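Colleague: Build me a model from this:
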Amino acid sequence: MPKKHILITAATAMELDFLFARSVEKEGLRVIENKTTQFTLLVSGIGSALTAFSIGKILQHHTFGAAYQLGIAGSFKDDLLVGSVVKVSCDIFADLCLSDNGKPIHEASFSDFRTPPFTEGKLIPDSALYKNTDLPEASAITVNSVTATAEKRTFWQQRYNPGIETMEGAAFYYACMKENIPSVQIRAVSNFVGQSNTKKWNISLAMQNLIDFANNNLLK
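Modeller: Here you go, the predicted model:
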């Protein structure tokens, strides 16, 4: 029986270091193999532009039956605590707007963000891979700069009522959904949105919980 091929991607090497340590090079890629599956590792780069390019490029040359995006995120919800690990139920390019007041681009006459894979501007995974990933759900917004003020946090809450904030998630979902690849974005909360002092973030806890989930669920 042919092996399954699964893509695991993250924005930074830090978020994949625990897997790189177990990988080998194969045809110019870093991979982890077991009897049934080959996992290909990809550091996409920070932000939507780098992520879209990196994933689009690898999908031109390799075929995957599924894709996971791992990473850390900021929480908008008081009950979505630092260290929580979630799967992202929907994502949106939040700051791709028509004006300074943040009017979403999908509300314009352009069809790009109102036709599949978008649903009223949102990217909503609907695959068995997503449904079978045993984690609590959280909606997300993807932005080009980390929200660092209470005022901006309130703005996004009023606009989208998101659970978390990332800088790459919507680009990941868009690329995978355009190619009909089952995908799921998995994020561990490192901070509350609006905390400009990164010393208050707990990246180590978020990463440890993300690592624990991946080791216990993805690589079996």
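Colleague: Enumerate every residue touching the residue nearest to the spatial centre of the chain.
Modeller: For the chain, the residue nearest the mean C-alpha position is residue 169 (3.3 Å; C-alpha atoms, centre = their mean). Contacts for residue 169 (C-beta atoms under 8 Å, 6 or more residues apart in numbering) come out as 69, 71, 88, 91, 140, 142, 185, 187. All C-beta atoms are positioned from the backbone trio N, CA, C, and that covers glycine.
Colleague: Just give me the closest of these to residue 16.
Modeller: The shortest approach to residue 16 among the contacts of residue 169 belongs to residue 71, at 9.4 Å (C-beta to C-beta).
Colleague: Show me what whatever helix or strand the closest one lives in is packed against.
Modeller: Here residue 71 sits within strand 66-75, counting by DSSP states H and E. Applying 3 or more C-beta pairs under 8 Å, 6 or more residues apart in numbering; DSSP states H and E, one finds that strand 66-75 makes contact with strand 4-10, strand 164-166, helix 169-178, strand 183-192, helix 203-213.
Colleague: Direction included, what does the shortest one pair up with?
Modeller: In other words, strand 164-166. Its sheet considered, strand 164-166 pairs with strand 66-75 (antiparallel), strand 137-142 (parallel) by DSSP bridges.
Colleague: Not counting the shortest one itself, show me its contacts.
Modeller: Around strand 137-142, the neighbours that count as contacts under C-beta under 8 Å, 6+ apart are 48, 73, 77, 80, 86-94, 156, 160-171, 185, 187.
Colleague: Buried residues, the longest helix seen in the chain. List them.
Modeller: In the chain, taking DSSP state H as the definition, the longest helix is helix 48-61. Buried residues in helix 48-61, defined by neighbour count with 16 or more other C-beta atoms under 10 Å: 48, 50, 51, 52, 54, 55, 58, 59.
Colleague: Is it correct that the fifth one is in contact with residue 44?
Modeller: Yes: under the contact definition of C-beta atoms under 8 Å, residue 54 touches residue 44, with a separation of 4.0 Å.
Colleague: what's the overlap in contacts for those two?
Modeller: residue 9.
Colleague: hmm, back to that, got the buried residues for the strand holding residue 71?
Modeller: 66, 67, 68, 69, 70, 71, 72, 73, 74, 75.
Colleague: quick one: the last one and residue 5, what's the gap?
Modeller: Between residue 75 and residue 5 the distance, using C-beta to C-beta, to the nearest Å, works out to 33 Å.
Colleague: Equivalent analysis for residue 191, please.
Modeller: For residue 191, the distance to residue 5 - C-beta to C-beta - is 34 Å.
Colleague: just to revisit the earlier point, now the buried residues of helix 48-61 in JSON lines, with pLDDT and distance to residue 16?
Modeller: Converted to JSON lines, the buried residues of helix 48-61 look like this (pLDDT from 0 to 100; distance: C-beta to C-beta, whole Å):
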{"residue": "48", "pLDDT": "95", "distance to residue 16": "19"}
{"residue": "50", "pLDDT": "97", "distance to residue 16": "15"}
{"residue": "51", "pLDDT": "97", "distance to residue 16": "13"}
{"residue": "52", "pLDDT": "95", "distance to residue 16": "18"}
{"residue": "54", "pLDDT": "97", "distance to residue 16": "13"}
{"residue": "55", "pLDDT": "96", "distance to residue 16": "14"}
{"residue": "58", "pLDDT": "97", "distance to residue 16": "14"}
{"residue": "59", "pLDDT": "95", "distance to residue 16": "18"}
